[in-house]
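1. Got a predicted structure plus its sequence, pasted below:
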Amino acid sequence: MKQKLVRLICLFLATILLLGFSIPVAPAAAATAAASTPFTDVPQDSWFHDAIAWAYNGNITTGTSPRTFSPHRNVTRGEFVTFLHRIEGTPPVSNTIRFNDVANSEQYFFNAVNWAFSNQLVTGIGDGLFAPDRNITREEMAVILFRLAGYHNRNISAPYTALNNFDDRQNVSGWALEGMRWAANADIIRGNDQGRVNPGDRATRAEAIVVLHRYVLELPGLPQPPASGFTHGSVFNGALIGGPASTTANDQLIWNFFRNRGLNTFAAAGIMGNLFSESNMRPTIVERARWHVIRDNHGMPGLDERPAHINLLMDEWYTNAINSGAITRAAFQDGVGYGLSQWTFWSRKAALHDFIWDFHAERGMPFNIGCLDAQLHYFWHELTTDFRTTVFLPLQNVNCVFEASNIVLTRFMRPADQGLSVQGRRAGYSLGYFNRYT
């Protein structure tokens, strides 16, 4: 009873903190919810109602007027990328001009397009142009979401067969074929009653929102809701909040590691929520935004445009190159985030390399930089030495998941963005683990 009360108080304080310093955003509708909208052109019995209600109440999109959504109007490339940017919590970007027609920071899509380009979700149409005002096609949407799925390490492996069910599959452009195959297989892009998928048709606002709704709330492997507190798709300060992704084989091992060393459940959950946000609990993961360093500094082939399916290959290549010595200890200090905690700073990566080398040598094992057990021991070593005063000791006395998550976020992980959206997202992940294991 006491633990349940503490949990409720913790959740209440977390919510108050998030809402107290920002304009609250209404929770996004769940997949089956019949949330309301003010739009007279979005009937409650329409095929797009629930998706538009989800997007409207989640602050992902607004109407074309206070009373209309214009579901049958075409959606532009700039609008679609802006929707995605909001779903991701509007992460900050630099003001670097990427395209000649996206050169003014006052353009509503400026940050969204820069974010999408920086993460290799979009590449433009050539000649230094993005064409933000051009209507987006169904196959363009599929390709962007395919890349986003790869960026988030979702399962995008072939073969795909669902596209073969459509009579006009031969109309899919060659550059879009892989994305369309994946989207059809994932049931994100569907055909019409005539058995056609219409890849080159311009998408409507209703179609775009429905596709995003399917991607976020229905694609297997995306974040699931914690048992209580934040709900799947809830939005605080623009960030979608959810529990950890589908359980991995590493989750229980990592939880046991920290609990067996005396951390209480709040502290262990706070660490795990942050580790999930950094690496999806994968010790071999490479920072996606730094793919060009892997290409330019280390010479990995096939990274000219870094299509989404190369992510896992990049992780494997980088890890193997370090283990073999092709990437030396000095070259490993390249500013690329790596591993469970996405260690990035040169001195911490050098120490990681040295620690794991000694860890395996003492046990008579071959050096493996991507070893989960070794990385957990290094994490613990950092926690109890360099971060003993600022992180480890405060974690001994926490009785709130949100407090524990924030200690780890702001004092140990220290990413560039530590704003309320990030705090809320990571606290949501941490609450998911807390509720799973307590």
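-> Ah, there it is. Numbers count the residues shown, from 1 in each chain.

2. didn't residue 128 look like it was pressed against residue 103?
-> No: in this structure residue 128 lies outside contact range of residue 103 using CB atoms under 8 Å: 9.8 Å. Any C-beta I mention is one placed from the backbone N, CA and C, and that applies to glycine too.

3. Outline the domain layout of the protein.
-> 25-218, 246-437 (automatic domain parsing).

4. can you give me the mean pLDDT across the longest one?
-> Same thing as domain 25-218. Here domain 25-218 scores 83 as its mean pLDDT.

5. now residue 346, nearest residue through space, not along the chain?
-> In space, and not counting its chain neighbours, residue 346 is closest to residue 333: 3.8 Å by CB to CB, 6 or more residues apart in numbering.

6. how far away is that neighbour from residue 327?
-> Distance of residue 333 to residue 327, given as CB to CB, to the nearest Å: 10 Å.

7. higher neighbour count, the two?
-> Higher neighbour count among residue 333 and residue 327: residue 327, with 23 against 17, using other CB atoms under 10 Å.

8. so that one sits in a strand?
-> No: assessed with DSSP: H, G, I helix; E, B strand; the rest coil, residue 327 is coil; it does not lie in a strand.

9. shaky segments in the stretch 201-350 of the chain?
-> Per-residue confidence for the stretch 201-350 of the chain (pLDDT under 70) gives these ranges: 217-249, 302-312.

10. Repeat the analysis, applying 90 as the threshold.
-> 213-253, 276-277, 279-282, 284-317 (pLDDT under 90).

11. now the helices for it?
-> 205-218, 249-260, 265-279, 291-298, 310-324, 329-332, 346-362 (DSSP state H, counting those that start in this stretch).

12. For the longest one, give me every contacting residue.
-> By CB atoms under 8 Å, 6 or more residues apart in numbering, the surrounding residues in contact with helix 346-362 are 322, 329, 332-335, 338-339, 343, 366-369, 371, 374-375, 377-378, 381-382.

13. Mind jotting down where the strands sit in this protein?
-> 234-236, 239-241 (DSSP state E).

14. just to revisit the earlier point, out of the helices of the stretch 201-350 of the chain, deepest packed?
-> helix 265-279 (a mean of 26; mean count of other CB atoms under 10 Å).

15. any idea of the angle it forms with helix 249-260?
-> With axes from the mean of the first three to the mean of the last three CA atoms, to 10 degrees defining the directions, helix 265-279 sits at 140 degrees from helix 249-260.

16. Pick out the residue nearest the middle of the protein.
-> Note on the chain: the residue nearest the mean C-alpha position is residue 152, at 5.0 Å, using CA atoms, centre = their mean.

17. What residues does residue 71 make contact with?
-> 41-42, 46, 48, 52, 204-206.

18. run the last query once more with 7 Å
-> 41-42, 48, 52, 204-206 (CB atoms under 7 Å, 6 or more residues apart in numbering).

19. Tell me which stretches of the stretch 51-200 of the chain form helices.
-> Under DSSP H, counting those that start in this stretch, the stretch 51-200 of the chain gives helices at 77-87, 110-118, 138-151, 177-185.

20. out of these, nearest to residue 428?
-> helix 77-87 (14.5 Å; CB to CB).

21. and that closest one, what does it pack onto?
-> Judged by 3 or more CB pairs under 7 Å, 6 or more residues apart in numbering; DSSP states H and E, helix 77-87 is in contact with helix 110-118, helix 205-218.

22. Show me what that helix is in contact with.
-> Contacts for helix 77-87 (CB under 7 Å, 6+ apart): 59-61, 108-109, 111-113, 115-116, 122, 130-134, 136, 141, 148, 208, 212, 216, 238, 240.

23. Now do it and helix 205-218, the angle between them.
-> Using the same axes, to 10 degrees: helix 77-87 against helix 205-218 is 30 degrees.

24. and the angle for helix 77-87 with helix 138-151?
-> 30 degrees.

25. From here on, call the first residue 43.
-> With 43 as the first residue, the last one maps to helix 119-129.

26. Could you check how far the residue nearest to the centre of the chain is from residue 167?
-> 25 Å.

27. can you check residue 403 too?
-> Distance from residue 403 to residue 167, by CB to CB: 53 Å.

28. again, but for residue 455
-> On the measure of CB to CB, residue 455 and residue 167 end up 37 Å apart.

29. Check residue 480 too.
-> 51 Å.

30. Repeat that for residue 369.
-> Here the distance between residue 369 and residue 167 works out to 35 Å (CB to CB).

31. Also residue 136?
-> The gap separating residue 136 from residue 167 is 22 Å, by CB to CB.

32. Repeat that for residue 125.
-> 19 Å.

33. For those two, indicate the residue with more neighbours.
-> Per other CB under 10 Å, whichever of residue 125 and residue 167 has more neighbours is residue 125, with 20 against 14.

34. Return the distance of stretch 472-480 from the chain's centre.
-> 19 Å (CA atoms, centre = their mean, to the nearest Å).

35. Quick check: buried residues in that stretch?
-> 472-478 (16 or more other CB atoms under 10 Å).

36. now stretch 129-142
-> Across stretch 129-142, burial judged by 16+ other CB under 10 Å covers 129-133, 135, 140-141.

37. Let me know the closest of the residues you listed to residue 311.
-> For these, the nearest to residue 311 is residue 131 (20.6 Å; CB to CB).

38. The closest one against residue 465, yeah?
-> No: taking CB atoms under 7 Å as the definition, residue 131 is not a contact partner of residue 465, at 10.8 Å.

39. Tally up the residues packed near residue 466, please.
-> Close neighbours of residue 466, defined as other CB under 10 Å, add up to 28.

40. go on, residue 459?
-> Count around residue 459 with other CB under 10 Å applied: 12.

41. what residues are up against it?
-> Residue 459 makes contact with 133-134, according to CB under 7 Å, 6+ apart.

42. Against residue 154, how distant is it?
-> Relative to residue 154, and taking CB to CB, residue 459 is found at 16 Å.

43. and the gap between residue 143 and residue 126?
-> Here the criterion is CB to CB. By it, residue 143 lies 19 Å from residue 126.

44. out of these two, which sits in the busier spot?
-> Neighbours per residue (other CB under 10 Å) separate residue 143 from residue 126, with residue 126 holding more: 22 against 18.

45. before we move on, the earlier item: please determine how far the residue nearest to residue 388 is located from residue 215.
-> 42 Å.

46. Repeat that for residue 300.
-> Counting by CB to CB, the gap from residue 300 to residue 215 is 48 Å.
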